[in-house]
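Asks: Build me a model from this:
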Amino acid sequence: MKELTIIGAGLGPESLSAEGHKALVAAEVWFGAERLLELYHTIRGAKQAFPYYRSEAILQEIEQSPAQRFAVLVSGDPGFYSAASALVKDLVEYNPKVISGISSLSAFFARLGKPWEKAAVVSAHGRDINVAGEFAALVRRNKYTFCLAGSNAGVLGEALCAAGFGSDFKSLKIHVGENLGSANERLYTLDVEALAHASFSELTVLLAENKKPDDRVLHGISDSSFIRTEGIPMTKAAVRSFCLSQLALRSGEIVWDIGAGTGSVTVEMAFAVFRGRVYAVEKGKAAIALIRENCRNFHVGNVTVVHGEAPYVLAELPSPDAVFIGGSGGSENLEGIIAAARTRNPHVRIVATAATIETASTLLSALPNCSLFQISAAEGRKAGKSHLLIAQNPVMIISDTGQEA
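Replies: You can find the predicted model right below:
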């Protein structure tokens with residue numbers, strides 16, 4: 001029976017574990033990225049080696065080779081954003097043994113003399129750069145946020161600036177580790193704006209240290225906490241809170257906020273889906289600027305603001321898990337918005353508000369399985385020695401989320 005071992009190479013030969021060294025010496029044939037094979041050439045000697053790290057090529061070579069013992073070198077630790085997980089799955093017939101290595105995460109925290117048991121972790125290495133928004137959202141929530149930055153350090157810095165962590169936010173600093181474990185290793189500590197304009201190698205990690213993290217998931221934020229502009233509508237706190245409870249958002253979901261207006265629902269959605277993303281769709285130019293300003297004010301970075309009219313701009317957005325419709329621009333648009341969402345995801349959760357009977361009627365026709373609610377909220381205000389309740393306009397809420405009324 002042929003033996004296959006997947007070995008975490010750590011940061012280089014000096015950090016290779018004794019168990020990993022023993023397995024490499026015993027193996028007759030090596031696989032791995034060319035960079036790793038070259039790093040370990042003194043151990044490898046004259047052994048046969050192939051610069052393969054994808055399952056198909058490795059499998060083919062194992063099947064054709066007369067050798068009995070094979071080793072695959074993977075960078076860092078096999079359990080930390082590694083190719084090892086795919087190799088274990090694809091090469092299961094050889095029951096591969098996995099030997100751990102030193103990850104860049106543990107090594108970097110050790111370099112800095114900081115604990116990492118409560119750190120948030122994300123990777124932007126070889127991933128869609130939308131992860132920059134996830135990074136910013138995690139930075140808001142955690143004292144320590146570690147990121148495998150790859151060549152995206154500058155983009156991550158830009159995302160933090162966009163989320164309001166620029167020079168006026170004094171509680172955040174960024175530690176940078178470049179080429180860890182190599183002769184070219186460099187450590188830096190920067191502010192966010194310097195990070196946004198810096199350039200580092202592809203082997204770069206970041207640690208954001210936030211001395212004032214805020215991990216609250218806020219619903220029903222006070223209306224006065226939002227920056228307002230006359231003429232731009234805002235979903236009020238009581239209605240907003242109820243709508244978010246109906247949507248029942250989860251941390252990694254993709255959500256659309258249609259007719260985002262001031263951005264109050266957008267902000268609360270961003271808190272809820274801090275590992276996901278909010279797409280705030282708005283056709284008004286002034287409102288677009290206001291949404292961005294409110295996102296900066298609350299330090300949410302997992303928001304993409306889309307300037308245009310729905311449903312016409314929805315085709316380019318990723319498939320939503322949930323949709324809030326606060327403004328549609330008319331019944332024809334409303335039907336198109338729902339159709340666009342349902343086409344992308346037949347099981348999408350939809351919540352919409354209606355201030356008029358005509359809008360509610362359209363929604364009830366378009367969402368035949370929905371639940372209908374009506375909220376009449378009133379805000380207490382002082383009048384001399386007494387208090388009055390000042391009524392807000394009643395709002396109808398149409399919810400098609402699978403929840404029972």
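
Asks: S399: what's it in contact with?
Replies: 243, 246, 350-351, 370-373, 405 (CB atoms under 8 Å, 6 or more residues apart in numbering). Just so you know, the C-beta spots here come from the backbone N, C-alpha and C atoms, and that holds for glycine as well.

Asks: go with 10 Å
Replies: Going by CB atoms under 10 Å, 6 or more residues apart in numbering, S399 touches 242-243, 245-247, 349-352, 363, 367, 370-373, 405.

Asks: got it, and A391?
Replies: The contact partners of A391, taken as CB under 10 Å, 6+ apart, are 376-379.

Asks: mind redoing it with 7 Å?
Replies: The neighbourhood of A391, defined by CB atoms under 7 Å, 6 or more residues apart in numbering, consists of 376, 378.

Asks: again with A287
Replies: The neighbours of A287, taking CB under 7 Å, 6+ apart as the test, are 232, 260-261.

Asks: So, low pLDDT: which residues of the stretch 301-405 of the chain?
Replies: Counting by pLDDT under 70, the ranges of the stretch 301-405 of the chain that qualify are 328-330, 403-405.

Asks: just to revisit the earlier point, most neighbours among the contacts of A287, please name it.
Replies: Neighbour counts for the contacts of A287 were taken using other CB atoms under 10 Å; the highest belongs to A260, which has 34 neighbours.

Asks: what about it, helix or strand, and which?
Replies: Using DSSP states H and E, A260 maps to neither a helix nor a strand.

Asks: For C147, state which of the contacts of A287 is nearest.
Replies: Lowest distance from C147 to the contacts of A287 (CB to CB) belongs to A260, with 28.0 Å.

Asks: hmm, back to that, between the contacts of A287, which is nearest A9?
Replies: Nearest to A9 among the contacts of A287: A260, at 46.8 Å, using CB to CB.

Asks: Please report how far the closest one lies from K283.
Replies: 10 Å (CB to CB, to the nearest Å).

Asks: repeat for G276
Replies: In this structure, G276 and K283 are separated by 24 Å, where distance is defined by CB to CB.

Asks: Between these two, tell me which one has more neighbours.
Replies: In this view G276 and K283 are compared by other CB under 10 Å, and G276 has more residues nearby, 22 against 18.

Asks: Report the contact partners of the more buried one.
Replies: Applying CB under 7 Å, 6+ apart, the residues contacting G276 are 251-255, 302.

Asks: Kindly report the same for F50.
Replies: 31, 61.

Asks: Which strands or helices does the worst-scoring helix or strand of the chain on mean pLDDT pack on?
Replies: Taking mean pLDDT, DSSP states H and E as the measure, the helices and strands of the chain show their lowest mean at strand 378-383, namely a mean of 82. The criterion is 3 or more CB pairs under 7 Å, 6 or more residues apart in numbering; DSSP states H and E, and the helices and strands that strand 378-383 contacts are strand 386-391.

Asks: Listing partners with orientation, what would you give for the strand it packs on?
Replies: Paired neighbours of strand 386-391 in the sheet (DSSP bridges): strand 378-383 (antiparallel).

Asks: Spit out the contact partners of the most centrally placed residue in the chain.
Replies: For the chain, the residue lying nearest the average C-alpha position, counting by CA atoms, centre = their mean, turns out to be E134 (3.0 Å). The neighbourhood of E134, defined by CB under 7 Å, 6+ apart, consists of 122, 275, 302.

Asks: okay, now the domains of the protein?
Replies: Dividing the chain into domains by automatic domain parsing, as the record does, gives the ranges 3-102, 105-210, 223-400.

Asks: so how far is the first residue of the longest one from its last?
Replies: To tie it back to what came earlier, the one meant is domain 223-400. One end of domain 223-400 to the other measures 26 Å (CA to CA, to the nearest Å).

Asks: so how far is that domain off the chain centroid?
Replies: Using CA atoms, centre = their mean, to the nearest Å, the mean C-alpha position of domain 223-400 is found 21 Å from that of the whole chain.

Asks: quick check, nearest of the contacts of S399 to P394?
Replies: When these are compared for distance to P394, the smallest value, 10.7 Å, is given by F373; criterion: CB to CB.

Asks: doesn't V395 make contact with the closest one?
Replies: No - when contacts are counted by CB atoms under 7 Å, F373 is not listed as touching V395 (8.9 Å).

Asks: Could you check which of those two is surrounded by more residues?
Replies: Just comparing F373 and V395: by other CB under 10 Å the higher neighbour count belongs to V395, 20 against 17.
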